[in-house]
Every structure is written in structure tokens, then in C-alpha cells.
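Colleague: would you be able to build a 3D model of this:
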Amino acid sequence: MAFFLSATTLLTAQKKEITLEDIWGGTFRQERMESLRSLNNGKEYVVLNFDRESGTSSIDVFSYETGKKTRTILNSGNLEGIQYFSGYEFSDNENKLILGTEIEPIYRHSTRGIFYVYDLSSKELQKISEDKIKEPTLSPNGEKVAYVFENNIYVKDLASGEVTQVTTDGEWNKVINGVADWVYEEEFSFVRAFQWNKDSDKIAFLRFDETEVPEFSMDVFGQDLYPSKTTFKYPKAGEKNSDVSLHIYDLQKKSVTDVGLGDYEDFYIPRIKWTNDADILSAQLLNRHQN
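Modeller: Below you'll find the predicted structure:
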């Protein structure tokens, strides 16, 4: 009996009108924290926050010891040309930031968007490209940024603004340089298939030749009045996979070298990583059975 009375009292106390503004305006939205990133000092971490009232985003710093906010590194309200950014990435020395805007999804993990580099010392904001690009990544010394556009790799010198095209054979549904094909993105959960070495003078990258991979077509609804058809390379079980190869681009020589991986057949390269030695690259290989 006591339980019944307390439950009735609770229901009465909670009775209130709910408006459409409450439902759609965020009144009942759960509080959550986006992924955090530790700073190099080991004592603080940063979190990307979004202010719904002002429509701005900020990168805020918190203390591990107290859990309290200590400062704000950057607020989009102080930037010209950017209302808000939905992603960020520090340079290794934490002097620069890559800011992502107008992000649109492609597959499960991949996206493209408009990206900027922000210099925390000079307060200078620089757009990387007028085009929507993929996976922009600062060199370890923070002087250059590499990215992928239309299946080719590019490198931009941030001081001079000069852009160098690393590969030229990229083509939709044929050759992909520097980002994963559908299989790698789905099976190995990564998109960026290139990496700077420690000295910022070489880039290792994967090349996917998907010319012989069977195509899959599907109707896409919701973007226009009528559905549109998209066709992409999609190997079902037992069908031909992309031919994947490993290469190194030398920024000083402006040349690409092929990396031999032995007499393996029908294999994956699920990970590449430069070691702490700027001249030694490691690569992991896996057979198609993944065993």
C-alpha cells in the first residue's frame, strides 16, 4: 500500500505540459561529453563543445586533477568566416589546429569537408582548399598539410601556399590514393591510408586499384525530389578485391618509390606506420582469410 501511495504522489508531482519547443528545442536532450584528447603536458585534456544558443563551437581545456575547466583554446565566435567547426586536430607540437566545417558523410567512417589550419601563435586562419577534401593531416613539424582530393594526394606548404600534387592517376571507381576503399574502411575501420614520417620529408601511402572489382548500384533517397542512382565498387564474398600496393613519396626529390612486400598474393595491408626512425616504415600484412 505504501508503494502505491508514493508512486501516485510521484506521478502527480511530475505532471506538466510538454510543448513542441521542449521536444525539439533540446530541453530533454541528454548531457554528454564528446571524446577528449590529452594535451602534451599530461595534466590537462581538451574537449570540443558546442553552444546551441550562440551557434558557436569551442575547444576547452580541463584539469585532470580537478575536472574543472581551466581555459578556452579557441572559440569560433572569434573567427571570421567560420560560424562553427565540428572537428579539430592538433599538430604534434600543439601550435596549430586543423578545423573541420561543412562535413558530409560518405560511408561508415569516411567524410569530406572544408578544412582550415589555425595558427595558435599568430592567430592566423588559413583555408586548406576551396574544394571539399578528405583526411587533411599536418606534418609533424606543422609546416605542411597533406590531404586527398578526387582520389589523389596533395601537399600544401602553409608558409608559401604552394600546393603539390603527389599522385595523378586517381579516378572514381578505378584508382584510389591515400584513403581506404570500401572494404578496408568496413573491415579494418580506418580511412586515412597515408602517414607522415617523423622528419616530415616523406609520406607513405596505400594505392587501391579497384578496376576489376565488381560494381554495386543503389538508389539514394532523401536528397532530391526523385531518388538518384549511385554506383560504387563492392566485392561480395569470393569476388575480386582491390589490388593494393605500398608507396613512399619523397618531398625533397618529389618522387614516388614503390615498396616491395614479397611474393604475397591476394593479401591486405591493414596498417602502415613509420617508426621513430624517420627512415624505417613498418607495414602489417594479412591474408584474405584474416587468420
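
Colleague: tell me where the stretch 1-150 of the chain has helices.
Modeller: 2-14, 20-25 (DSSP state H, counting those that start in this stretch).

Colleague: weakest of those by average pLDDT?
Modeller: When the helices of the stretch 1-150 of the chain are ranked by mean pLDDT, helix 2-14 comes last with a mean of 49.

Colleague: for the protein, what are the low-confidence residue spans?
Modeller: Applying pLDDT under 70 to the chain flags the ranges 1-15, 31-35.

Colleague: point to the residue nearest the middle of it.
Modeller: In the chain, the centroid-proximal residue (Cα atoms, centre = their mean) is residue 135; its distance is 5.2 Å.

Colleague: tell me the contacts of the nearest residue to residue 119 once chain neighbours are set aside?
Modeller: Excluding the flanking residues, the one nearest residue 119 by Cβ to Cβ, 6 or more residues apart in numbering is residue 96, at 5.4 Å. To be clear about C-beta, it is placed using only N, CA and C from the backbone, and glycine gets the same treatment. Shown in contact with residue 96 (Cβ atoms under 8 Å, 6 or more residues apart in numbering): 90, 117, 118, 119, 120, 138, 142, 158.

Colleague: could you check how far residue 96 is from residue 63?
Modeller: Separation of residue 96 from residue 63 (Cβ to Cβ, to the nearest Å): 23 Å.

Colleague: again, but for residue 99
Modeller: Residue 99 is 24 Å from residue 63, by Cβ to Cβ.

Colleague: what does stretch 66-83 contact?
Modeller: 44, 46, 54-63, 84-85, 97, 99, 101, 116, 118, 120, 125, 127.

Colleague: now the strands for the stretch 101-250 of the chain?
Modeller: Applying DSSP state E, counting those that start in this stretch to the stretch 101-250 of the chain gives strands spanning 111-119, 125-127, 134-138, 144-149, 152-157, 163-165, 175-177, 194-196, 202-209, 215-220, 228-233, 243-250.

Colleague: any idea how far the nearest residue to residue 54 once chain neighbours are set aside is from residue 127?
Modeller: Excluding the flanking residues, the one nearest residue 54 by Cβ to Cβ, 6+ apart is residue 77, at 6.3 Å. From residue 77 over to residue 127 the distance is 18 Å, taken as Cβ to Cβ.

Colleague: can you check residue 272 too?
Modeller: Using Cβ to Cβ, one obtains 29 Å as the distance from residue 272 to residue 127.

Colleague: make TSV from the strands of the stretch 101-250 of the chain and add distance to residue 19 to it.
Modeller: Below are the strands of the stretch 101-250 of the chain laid out as TSV (distance: least, Cβ to Cβ, whole Å):
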stretch	distance to residue 19
strand 111-119	35
strand 125-127	40
strand 134-138	42
strand 144-149	45
strand 152-157	49
strand 163-165	52
strand 175-177	49
strand 194-196	50
strand 202-209	52
strand 215-220	35
strand 228-233	37
strand 243-250	55
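
Colleague: tell me which of those lies nearest to residue 38.
Modeller: With Cβ to Cβ, the closest approach to residue 38 among those belongs to strand 134-138: 17.6 Å.

Colleague: please verify my assumption that the residue nearest to the centre of the chain contacts residue 192.
Modeller: Yes - between residue 135 and residue 192 there is a contact under Cβ atoms under 8 Å: 4.1 Å.

Colleague: what touches both of the two?
Modeller: 178, 179.

Colleague: that older thread, which of residue 99 and residue 63 has more residues huddled nearby?
Modeller: residue 99 (26 against 13; other Cβ atoms under 10 Å).

Colleague: who's that one bridged to?
Modeller: Here residue 99 shows beta-bridge partners residue 88, residue 116, assigned using DSSP bridges.

Colleague: that one touches residue 59, doesn't it?
Modeller: No - look at residue 99 against residue 59 with Cβ under 8 Å: they stay out of range, at 9.1 Å.

Colleague: hmm, back to that, ok, the residue nearest to residue 119 to residue 79 distance?
Modeller: 14 Å.

Colleague: same question for residue 177.
Modeller: From residue 177 to residue 79 the distance is 32 Å (Cβ to Cβ).

Colleague: neighbour-wise, which of the two wins?
Modeller: More neighbours surround residue 177 than the other of residue 177 and residue 79, with 24 against 18 (other Cβ under 10 Å).

Colleague: who are the contact partners of the more buried one?
Modeller: With Cβ under 8 Å, 6+ apart, residue 177 has these contacts: 148, 151, 152, 153, 166, 167, 169, 170, 205, 206, 207, 208.
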